[in-house]
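Q: Have a look at this prediction, sequence included:
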Amino acid sequence: MSYDYSGLIGTAARLIDRFGRGVVRTRTTGGGTDPVTGVVTAGLTSTDTFRGINKIIPQDLIDGTRILATDRMIVLEAVANPEMTDKLDGFSVAEIQEIRPADAPIVWLVRVRK
């Protein structure tokens, strides 16, 4: 017998919808430099907007090395599927954690940095 996470998923979605705002994800796919010719090719850039909450990281978690004082934590809705190469509201992604018990996606916790 498995646990039904639908109530928790619904609560997370309602809280993000109520307290969050639109977070713009910019994703570039493809492109790069040909290692043989050195020719740079442009990738395709796409933008999407997801609901998220942009939070300050608590002072006691900032160590000055891995987590900086300028870092932020963005709690994104489950459908966002961020990647390390994404930009969120112009911030670079530094760390991604998915809250997903038993294949039930709830939220993404994304630490971002300018």
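A: Happy to help now that I have it. Numbers count the residues shown, from 1 in each chain.
Q: For this protein, list the residue farthest from the centre, please.
A: Distance to the chain centre peaks in the chain at Thr37, reaching 34.3 Å (criterion: C-alpha atoms, centre = their mean).
Q: For that one, give its distance to Ile16.
A: 46 Å (C-beta to C-beta, to the nearest Å). In this view, the C-beta of every residue, glycine as well, is placed from N, C-alpha and C.
Q: Can you report how many residues neighbour Ile9?
A: Using other C-beta atoms under 10 Å, Ile9 has 15 other residues around it.
Q: can you map out the strands along the protein?
A: Ranges of strands in the chain, per DSSP state E, are 21-29, 32-33, 40-41, 44-56, 72-77, 87-88, 91-99, 107-113.
Q: What pairs with the third one, parallel or antiparallel?
A: Same thing as strand 40-41. Strand pairing for strand 40-41, using DSSP bridges, gives strand 32-33 (antiparallel).
Q: Return the distance of the partner strand from the chain's centre.
A: The gap between where strand 32-33 is centred and where its chain is centred comes out at 24 Å by C-alpha atoms, centre = their mean, to the nearest Å.
Q: now stretch 10-21
A: Per C-alpha atoms, centre = their mean, the centroid offset for stretch 10-21 relative to its chain is 16 Å.
Q: can you check stretch 91-104 too?
A: Remark: stretch 91-104 is offset 7 Å from the chain centroid, using C-alpha atoms, centre = their mean.
Q: same check, this time on stretch 50-62
A: That offset, for stretch 50-62, works out to 12 Å (C-alpha atoms, centre = their mean).
Q: List the buried residues of it.
A: 50-54 (16 or more other C-beta atoms under 10 Å).
Q: same thing with stretch 33-43?
A: Within stretch 33-43, no residue is scored as buried using 16+ other C-beta under 10 Å.
Q: if we look at it, which residues are touching it?
A: 28-32 (C-beta atoms under 8 Å, 6 or more residues apart in numbering).
Q: quick one on the thing from earlier: make TSV from the strands of the chain and add mean pLDDT to it.
A: Listed next are those as TSV, based on pLDDT from 0 to 100:
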stretch	mean pLDDT
strand 21-29	94
strand 32-33	78
strand 40-41	78
strand 44-56	95
strand 72-77	96
strand 87-88	96
strand 91-99	96
strand 107-113	97
